[in-house]
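J.: pasting the structure only:
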């Protein structure tokens with residue numbers, strides 16, 4: 001075979017390959033635009049499906065964790081140890097997956113507790129700990145200072161205590177706030193006696209002491225929640241806002 005014939009055969013083979021490629025391209029271009037859009041949308045859905053599945057799985061897992069901690073603390077109370085973890089799973093899902101996932105986790109936790117423990121315990125968990133978890137997650141994601149997040153969290157916690165008194169009083173048929181006032185009155189009488197004050201505390205002072213004790217208790221609780229979240233979530237690569245300088249010095253953090 002001569003050199004010229006070899007070149008012609010190579011040219012014919014290349015032309016045939018180009019024709020086949022053009023034939024495939026023509027078939028693709030001949031498809032209607034709507035079908036091409038559908039195929040591109042299906043590819044997009046296939047890409048997004050695993051991400052949505054991961055969000056759903058993480059939301060369900062952390063909601064179950066929050067419900068499980070509440071359930072264990074109710075039947076096997078070990079003091080304030082587990083109570084510190086009540087809002088942390090919901091705050092964690094906010095840090096990982098955003099606002100919508102955290103609200104879904106709070107709702108799913110309430111539904112699980114509704115099935116396992118009844119509506120009363122479910123509502124008491126959602127108010128305040130479900131809302132507190134969403135609030136703390138929002139504050140930590142925006143790197144809000146500890147002072148702001150602790151104050152807002154303590155406000156929700158205090159409202160949750162008053163809500164619990166109100167709901168329990170309706171279910172029991174008695175005003176449980178009177179029992180709290182009676183206990184505070186006894187404490188105030190003991191303090192006045194120890195301080196040598198020859199007077200009886202009036203009703204306004206008793207109410208102020210009751211409100212003050214509830215607020216201080218929630219402030220201490222929120223501070224403990226922040227400390228636990230600082231040490232736990234940093235190890236999970238979901239850090240919260242940085243603590244004040246004096247806390248870093250105390251923890252050598």
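T.: Arrived safely, thanks for sending. Small disclaimer: the values here were computed from a predicted structure and weren't measured.
J.: so how far is the helix or strand where residue 160 lies off the chain centroid?
T.: Secondary structure from DSSP states H and E places residue 160 in helix 146-172. How far helix 146-172 lies from its chain's middle: 18 Å, per C-alpha atoms, centre = their mean, to the nearest Å.
J.: which helices and strands sit right next to that helix?
T.: Where contact means 3 or more C-beta pairs under 8 Å, 6 or more residues apart in numbering; DSSP states H and E, helix 146-172 is packed against helix 119-124, helix 131-141, helix 176-195, helix 203-233. In this view, the C-beta of every residue, glycine as well, is placed from N, C-alpha and C.
J.: return the most buried member of the ones you listed.
T.: helix 131-141 (a mean of 24; mean count of other C-beta atoms under 10 Å).
J.: what pLDDT, on average, does it get?
T.: Mean per-residue pLDDT for helix 131-141: 95.
J.: show me what that helix is in contact with.
T.: Residues outside helix 131-141 that contact it (C-beta atoms under 8 Å, 6 or more residues apart in numbering): 66, 86-95, 99, 102-103, 105-106, 148-149, 152-153, 156-157, 160, 225, 229, 233, 240-241.
J.: 7 Å instead?
T.: For helix 131-141, contacts defined as C-beta atoms under 7 Å, 6 or more residues apart in numbering pick out 87, 89-91, 94-95, 102-103, 106, 148-149, 152-153, 156-157, 240-241.
J.: just want the angle from it to helix 203-233.
T.: Put simply, helix 131-141 runs at 60 degrees to helix 203-233, going by axes from the mean of the first three to the mean of the last three C-alpha atoms, to 10 degrees.
J.: now helix 131-141 against helix 146-172, angle please.
T.: Relative orientation of helix 131-141 and helix 146-172, computed by the same axes, to 10 degrees: 170 degrees.
J.: how far does helix 131-141 sit from its chain's centre?
T.: 6 Å.
J.: kindly report the same for stretch 204-223.
T.: Offset of stretch 204-223 from its chain centre (C-alpha atoms, centre = their mean): 25 Å.
J.: swap in stretch 193-202?
T.: That offset, for stretch 193-202, works out to 46 Å (C-alpha atoms, centre = their mean).
J.: end-to-end on that stretch?
T.: Using C-alpha to C-alpha, to the nearest Å, one end of stretch 193-202 lies 15 Å from the other.
J.: flag every buried residue along it.
T.: The neighbour-count check on stretch 193-202 (16 or more other C-beta atoms under 10 Å) flags residue 201 as buried.
J.: pLDDT on that stretch, on average?
T.: On average, stretch 193-202 scores 79.
J.: just checking, residue 82 touches residue 72?
T.: Yes: applying C-beta atoms under 7 Å, one finds residue 82 in contact with residue 72, separated by 6.3 Å.
J.: looking at these two, which one has more neighbours?
T.: residue 82 (17 against 13; other C-beta atoms under 10 Å).
J.: give me the pLDDT for that one.
T.: 88.
J.: the one 4 residues further on too?
T.: Model confidence at residue 86, expressed as pLDDT, equals 94.
J.: wait, residue 95 touches residue 238, no?
T.: Yes: using C-beta under 7 Å, residue 95 is in contact with residue 238, at 4.4 Å.
J.: follow-up on the earlier one: out of the helices and strands packed on helix 146-172, which comes closest to residue 249?
T.: Residue 249 lies closest, by C-beta to C-beta, to one member of the helices and strands packed on helix 146-172: helix 203-233, at 13.8 Å.
J.: okay, the angle between that closest one and helix 176-195?
T.: Using the same axes, to 10 degrees: helix 203-233 against helix 176-195 is 100 degrees.
J.: against which helices or strands is helix 203-233 packed?
T.: Under the contact criterion of 3 or more C-beta pairs under 7 Å, 6 or more residues apart in numbering; DSSP states H and E, helix 203-233 touches helix 88-97, helix 146-172, helix 176-195.
J.: if you set the cut-off to 10 Å instead, what comes out?
T.: Using 3 or more C-beta pairs under 10 Å, 6 or more residues apart in numbering; DSSP states H and E, the elements in contact with helix 203-233 are helix 88-97, helix 131-141, helix 146-172, helix 176-195, helix 245-251.
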